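Enquirer: Sequence unavailable; structure follows:
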């Protein structure tokens, strides 16, 4: 019975007002949106109520789903609609589909004001069963959750559902399509691992390309190096940049507006294909390989990135969890080893991702594993890196010290 229950109260609606009193038209519109979101219709009922005076009557509609239901009520005289989407997650996680449906229904009426609520259902035995938990699946057998806290911002961009929450555990927290991306209080685990092992080993990083990275956290870490002259952020979704500027100052610390940073909105795949520039580092700061970013994890794309590297340069990326997605990790490392002479795997626990996570530094020349503690200490001192929270000479070595099961997976 475990599932998610989403509601939305819409007021000041500006679009499709005629549908509020058209039961047949509203039915067809709702069925189309349900099908587009990949949910399964098993029945429906739409009833138009008589009007009062000159005001048309509203409509109550219910669509029964194999996953549960969609219900809505319209008040044409008030330009208002209430929405109710409930899906169970017994055999698979339908949370994203529910969120997409609610956002699509909301967009159809274009309200001036929206009040969202989200409730996890069926959390039997939970310590705080009434609190708003954001669950994410690690694989088909395993999931984890954090209390999300109040919604500060939510928008369905052309590419993804973007959410900002005020999390009691991690401060401001960023989600895309229901998946955790970053947060104020623990972002350093991910961003310092992504940037510093390669940057400190290189020693003279000047030109950097970040594919993705719209939260600005990776750019902020790079700008700590006085040698860095230019950072290009190729981010697909301009809404991510806009939201980061407004809500995640404590992650990027103004890096998105630093004169050394150039933000390019558009397809990273096309940018890599078309550019003639060369870089000392290329960071793939992307969503997971099973998301729309999958085209940026192919062997062909890795080969294209390799051509952009200056001598001694490196590509760095995260490569999923070896515990929960060993198939993905193994596949990615095979593709990387087919393209680069040196593939240096790393691993660390990332709190927001709920697991031990893997990364890789890939190069034809640079092997960060050969940098000893004294070399890393000198690089940190030379760059004046005084505000690091994870990375230091000891953790540099530790990142490349792989557990046995991880090493066997790669072998």
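Expert: Perfect, I can see it now. None of the values given here were measured: they were computed from a predicted structure. Residues are numbered from 1 along each chain as shown.

Enquirer: now the strands: where do they sit in the stretch 201-350 of the chain?
Expert: 207-212, 230-235, 261-265, 279-285, 309-318, 342-350 (DSSP state E, counting those that start in this stretch).

Enquirer: And these: which comes nearest residue 27?
Expert: Nearest of these to residue 27, taken as Cβ to Cβ: strand 261-265 at 38.2 Å. C-beta here means a position set from N, CA and C on the backbone, and glycine is covered the same way.

Enquirer: I'd like the strands of the stretch 201-350 of the chain laid out as TSV, including mean pLDDT and mean neighbour count.
Expert: Output for the strands of the stretch 201-350 of the chain, formatted as TSV (pLDDT from 0 to 100; neighbours: other Cβ atoms under 10 Å):
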stretch	mean pLDDT	mean neighbour count
strand 207-212	98	25
strand 230-235	98	22
strand 261-265	97	17
strand 279-285	98	25
strand 309-318	98	22
strand 342-350	98	20
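
Enquirer: which residues of the stretch 51-200 of the chain score low on pLDDT?
Expert: 90-91, 122-131 (pLDDT under 70).

Enquirer: Show me where it has its strands.
Expert: Using DSSP E, counting those that start in this stretch, the strands found in the stretch 51-200 of the chain span residues 59-65, 68-75, 80-88, 113-121, 133-139, 142-147, 151-156, 161-167, 171-176, 179-183.

Enquirer: tell me the angle of the first one relative to strand 80-88?
Expert: Right, the one you point to is strand 59-65. 10 degrees (axes from the mean of the first three to the mean of the last three Cα atoms, to 10 degrees).

Enquirer: for the fourth one, same thing?
Expert: Between the direction of strand 113-121 and that of strand 80-88, the angle (the same axes, to 10 degrees) works out to 20 degrees.

Enquirer: Pull up the pairing partners for strand 113-121, direction included.
Expert: strand 3-11 (antiparallel) (DSSP bridges).

Enquirer: List the buried residues in the strand it pairs with.
Expert: Within strand 3-11, the residues that count as buried by 16 or more other Cβ atoms under 10 Å are 3-8, 10-11.

Enquirer: Next: stretch 239-253.
Expert: 239-245, 247-248, 251-253.

Enquirer: For residue 302, see how far away residue 209 is.
Expert: Distance, residue 209 to residue 302, using Cβ to Cβ, to the nearest Å: 14 Å.

Enquirer: Export the buried residues of stretch 239-253 to JSON lines and append columns for distance to residue 373 and pLDDT.
Expert: What follows is the buried residues of stretch 239-253, written out as JSON lines (distance: Cβ to Cβ, whole Å; pLDDT from 0 to 100):
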{"residue": "239", "distance to residue 373": "42", "pLDDT": "96"}
{"residue": "240", "distance to residue 373": "37", "pLDDT": "97"}
{"residue": "241", "distance to residue 373": "37", "pLDDT": "97"}
{"residue": "242", "distance to residue 373": "41", "pLDDT": "97"}
{"residue": "243", "distance to residue 373": "39", "pLDDT": "97"}
{"residue": "244", "distance to residue 373": "34", "pLDDT": "98"}
{"residue": "245", "distance to residue 373": "37", "pLDDT": "97"}
{"residue": "247", "distance to residue 373": "37", "pLDDT": "97"}
{"residue": "248", "distance to residue 373": "33", "pLDDT": "98"}
{"residue": "251", "distance to residue 373": "28", "pLDDT": "98"}
{"residue": "252", "distance to residue 373": "29", "pLDDT": "98"}
{"residue": "253", "distance to residue 373": "28", "pLDDT": "97"}
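
Enquirer: what's around residue 86, how many residues?
Expert: By the measure other Cβ atoms under 10 Å, the count of residues near residue 86 is 19.

Enquirer: sorry, back to before: out of the buried residues of strand 3-11, which one has the lowest pLDDT?
Expert: In terms of pLDDT, residue 3 ranks lowest among the buried residues of strand 3-11, with 81.
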